[in-house]
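> With the sequence up front, the predicted model follows.
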Amino acid sequence: MQHQNHGLMNGRYFYILLLTLLFAAGFARGQRQDSTSAVSLNSFYLMPVLNPWLISDNPAGLSQNTALRPGEMALGFANETGDFKHVLQGKTIQHYSFETKQYKKIKKTSLYGLFSYEKSFEKSLNYSEVNDPYRVTPYLLIDTMKMDGNTYDREFLKLDGRFSTPLNKNISWGIASAFKVGLASQNRDPRPKNKVLNLSVSPGLLFSYSKVRFGLNLIYGYYNEDISAMIVRANTQMAFFSLHGLGTYIYHVTDSYYRLYKQNNFGFNAQINFHSGWVNSLTGAKLTFSKETVLDGRGEANASWAHIKNCSELQGIHLKIYHTLVIHRGSFLQRFLVDLNIRQQLGTEIIQRLENDPNHNYMENWVTYGKDQKYGFYLLTTNLFYRLIKLKDNLISNFSLDGGISYFFSEKEYFIPNQKEKDKNMILSLRFDKSFFFNKNVLSIMGTFRYKRNLSGILDMEDTNFMVSKIIVPDFEYLTRNYTLFGMGLSYEIPLKKSRSKYFIKTQLEYIRANNNSTRTLLNVKTGIIF
Amino acid sequence: MIMKRFVIGIFVMVLFSSCLKTPDFQSYTVNLTVAFDDEVPIQERDSIKVSLTNLTKNYSKTGYTDADGKISFTNMEPGFYSASLSHTFVANGGNDYLNGLKKIDIFSTVNDTIHTILSKSNAVIIKEFYYSGCLTPAGKYYSSDQYIEVYNNSATIQYLDGMSLVEDESYAISPYYFSYIKDSIVVRMIWSFPGTGKKYPILPGQNIVIARDAINHRSDPNGNPLSPVNLGNAEFEFYVYHVSGGDFDSPTSVNMIEDLFTFRGSDIAFHTRGGSAIALVKIPGDSAERKQYIDNHLVAKAGSNRYYGIIPDSYVIDAVEVTWDEAHAIYKRFPVEIDAGYTYVSAGSHSGKCIRRKVKEVINNRFIYQDTNNSCNDFLKNATPKPWVNEW
């Protein structure tokens, strides 16, 4: 077959990668400390409160950063374990990371760069052949293997670079680009190997008129996942299931399978900002369109369709409207954040048959007979968050309190057979963080509480089969479970001599208990330097 | 003013978003009419079960004809389908079988007719066909243990003398090349039972195994301990003679007569994935006349010097249409007159599984196997090979 994982270095992607590398590399080099404020572990937490433009993805908004420009270099470890999980999620996940990131300002140019390396082991993962089965697509590739010893081994690299610089007194411009690439593989038969590429680029403008600012940025993103699944055991064939949504599928028995996901998305984000005295508000709307295609193929000695086959197309639209209001009076910062997300997807199946095509010298070829829109997905989420921060001095947080309420409405439909899944959920969340200062050392404690309540859930399946009983029903039960989350965290910061940098260690533990007594425990440990 | 326009803009976008359409899926109605032979009694034309199978997604919808033989399927998604019917009724003291099969592409409303074939059960039938092969302990292919089992499904003694086992020319992975040859099947192998009349009887309820290699595959040094069968007692064997040897020749099994072997190699081999459609046929005359008939009825593909045999449908005693899988059933080769359906080992190649006829009933300890002339209904798809064994 013609393997269609187009080289990463091709054309436009090379330039986007180069741009990202240049941005990110500029920060990795330890340039002079330009932050005029002391930094702490909470500095990154403070950044979007002090500069509301950061909740938009307009890179030109970096120009509105305050004097606080923190940096961080850290090693991280996370462990997640328990039965309360999606059905296509591993029972345990161990995650190791190295990450460095920093906000900077060089003359009049504001910059942000991030580099991260992640290695993770997801264990006892069943069925899934895709890197992220919850990437909001119904067109998954799975098999029937359920093995406790199975591990999804992942290795990812991420670069993210942004800058903003003034064009004149009233206009700033900027570009953001991010690049994430990785490999994932499993140690069982069938043995999928996933090559994942995700990149984005976004140029933006910001216009200032007195106390009002307008922003506009364009968005382009590309996602590519190339799956090559082989059966290592000699002369063995297994069933690969190509899912079409809500338990519908077709399957192929073969000893190898190739799949290529390609998604392009584009859109724009418009913002308006009002900043006067102690009030700083930002309102924005983001609209993106996406199209994802799935190509299938397989290579066999006696291949009946070693050729590329079109499986499906998924078109999506995502609208996000957001508003944040920040009130900064004295040592108190208050932020109100409300957003509304509407996402819709339409999935189209491509009906093809392998034929001796007279238009191609009677070579076997997949001939398209029709396209049929069969799948629909609608997701509405809305969030209301409040954050109160008491500053100690010089932009160091003394304590903070967060409260929020989120509402989710999700609806999936498949037609012929008529399958429907609908659920409504609500989440209440609370968080506090308090720092204790011992000379220059800082001890912080943190507590989290979250309660999820299912408001309704309907699973209406005209056709029941293996997929419905093994995947759709367990996932629906997971999505409609009520749960309670308790979390606590502890961190300690020690200043380094002759520097404003600090060494820190931070640990956080979260425990989730669902109403069927299943649990999930998440442990995070992070240590490094903030500067 | 600016703020007002901005808010209006957002509102327009929300409206736009909420107006997004739901999936614009297509569904069609399929109106089928079953065309009956005059021999089919009027009272048997009502309530005949018809199945419409989506060949890509491997699911079926079923319904029953009305008194006029009409049936409608509504709300069908577009795609490639096969419509089939299989009906049994008692006439003149015996069972008659009514079969019909039709490929249907549904991309608009369909009005079509299914023609039916009326047949009676055969005396000698293909009971079991093990073609998938298995794996050795080292994970290598092993298919030397392939075999065909025939069975006397009648209450009277039958004779195998002069009957032949044939394999269709095509493996059904692309449209059938010889579809222009009507009322016949085109074969790549013809292997005949020796004997001139009554040398090789097959008693009522008796199984006869024709092995690719008649050895105990489990214990023979050249065998495979993971093979599911011991074929050391096979009555017949496909032996491919070469001066230099090559194929194993069992001293205890009778060799079949090689009348045609288009792709002659060191041994015969059935397609382990499926695709070897086989039939039991009787070409009239003695062995010389049979040979002469075959030589006079050969056909080649354009540009090729390989010749295949043409066997009229009327010579076919029993046939089993074997495909790779459901999707490849669109390339079915045998006409509905000799097999209205198809079957396959869904466990796949080298699974150690076979297709075996379903038991219809047991009369006085004699097993009667189902023979409705429709392999979709008549065969179990993933049976464990058990030559010479009759069991429910």
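Great, that's in hand. Numbers count the residues shown, from 1 in each chain, chains lettered A, B, ... in the order given.
> Smallest distance to chain A belongs to which residue of the stretch 151-300 of chain B?
B:Ile173 (4.9 Å; CB to the nearest CB). For the C-beta atoms, the positions are set from N, CA and C on the backbone; glycine is no exception.
> Could you confirm that residue falls within a helix?
No - counting by DSSP: H, G, I helix; E, B strand; the rest coil, B:Ile173 is not found in a helix; it is coil.
> Can you report how many residues lie near it?
19 (other CB atoms under 10 Å in any protein chain shown).
> Next: A:Ser276.
Count around A:Ser276 with other CB under 10 Å applied: 10.
> In contact with A:Ser164: list those residues for me.
Contact analysis of A:Ser164 by CB atoms under 8 Å, 6 or more residues apart in numbering or on different chains lists A:59-63, A:109-111, A:172-174, A:204, A:206.
> Surely it is in a strand?
Yes - using three-state DSSP, the assignment for A:Ser164 is a strand.
> what's across from it in the sheet?
A:Ser110, A:Gly174 (DSSP bridges).
> Quick check, pLDDT for it.
As predicted, A:Ser164 sits at a pLDDT of 95.
> Does the closest residue to chain A within the stretch 251-392 of chain B belong to a helix, a strand or coil?
Nearest to chain A in the stretch 251-392 of chain B, going by CB to the nearest CB, is B:Gly348, at a distance of 4.5 Å. Three-state call for B:Gly348 (three-state DSSP): coil.
> just checking, it touches B:Cys134?
No - B:Gly348 lies out of contact with B:Cys134 (CB atoms under 8 Å); the separation is 11.4 Å.
> Next one: residue 27, what pLDDT does it get?
If you meant another chain, say so; for now it's chain A. Looking at A:Phe27, the pLDDT reads 47.
> wait, chain B
pLDDT, B:Ser27: 93.
> just the one 4 residues further on next, same as before
Note on B:Asn31: pLDDT of 96.
> what's it sitting at in phi/psi?
B:Asn31 adopts backbone torsions of phi -100, psi 120, taken as degrees, to the nearest 10.
> tell me the mean pLDDT for stretch B:57-72?
89.
> whoops, stretch A:341-361 was the one
84.
> Kindly export that stretch (C-alpha atoms) in PDB.
The C-alpha trace of stretch A:341-361 is given here as PDB (Å, rounded to 0.1, in the frame of the first residue of the first chain):
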ATOM      1  CA  ASN A 341     -19.000  26.200  24.200                       C
ATOM      2  CA  ILE A 342     -21.000  24.800  21.400                       C
ATOM      3  CA  ARG A 343     -19.600  22.000  19.400                       C
ATOM      4  CA  GLN A 344     -21.200  20.000  16.700                       C
ATOM      5  CA  GLN A 345     -19.900  17.200  14.400                       C
ATOM      6  CA  LEU A 346     -21.400  15.500  11.400                       C
ATOM      7  CA  GLY A 347     -19.900  12.200  10.400                       C
ATOM      8  CA  THR A 348     -20.100  10.800   6.900                       C
ATOM      9  CA  GLU A 349     -19.500   7.300   5.900                       C
ATOM     10  CA  ILE A 350     -18.000   6.600   2.400                       C
ATOM     11  CA  ILE A 351     -19.600   3.600   0.700                       C
ATOM     12  CA  GLN A 352     -17.000   1.900  -1.500                       C
ATOM     13  CA  ARG A 353     -16.500  -1.400  -3.200                       C
ATOM     14  CA  LEU A 354     -13.300  -3.000  -4.500                       C
ATOM     15  CA  GLU A 355     -13.600  -3.500  -8.200                       C
ATOM     16  CA  ASN A 356     -11.600  -4.000 -11.300                       C
ATOM     17  CA  ASP A 357     -11.800  -0.400 -12.400                       C
ATOM     18  CA  PRO A 358     -12.000   0.200 -16.200                       C
ATOM     19  CA  ASN A 359     -10.900   3.700 -15.600                       C
ATOM     20  CA  HIS A 360      -7.600   2.400 -14.100                       C
ATOM     21  CA  ASN A 361      -6.600  -0.300 -16.600                       C
END
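> Indicate whether that stretch makes contact with chain B.
Yes - for stretch A:341-361, a contact with chain B is found by CB under 8 Å from any CB of the partner chain, at A:342, A:344, A:346-347, A:351, A:353-356.
> Could you pull out the buried residues of that stretch?
A:341-355 (16 or more other CB atoms under 10 Å in any protein chain shown).
> do stretch B:175-187 as well
Within stretch B:175-187, the residues scored as buried using 16+ other CB under 10 Å are B:176-178, B:184-187.
> how long is it end to end?
Stretch B:175-187 has an end-to-end distance of 16 Å (CA to CA, to the nearest Å).
> Give me the pLDDT for the residue nearest the centre of chain A.
Centroid-nearest residue in chain A, with CA atoms, centre = their mean: A:Arg135, separated by 8.4 Å. Reading off the confidence values, A:Arg135 has pLDDT 91.
> With the one 5 residues further on instead?
pLDDT, the model's per-residue confidence, is 94 for A:Leu140.
> buried ones in stretch B:55-62?
B:55-57, B:61.
> Farthest-apart pair in these, please.
Using CB to CB, the buried residues of stretch B:55-62 span at most 14.2 Å, a distance reached by B:Thr56 and B:Lys61.
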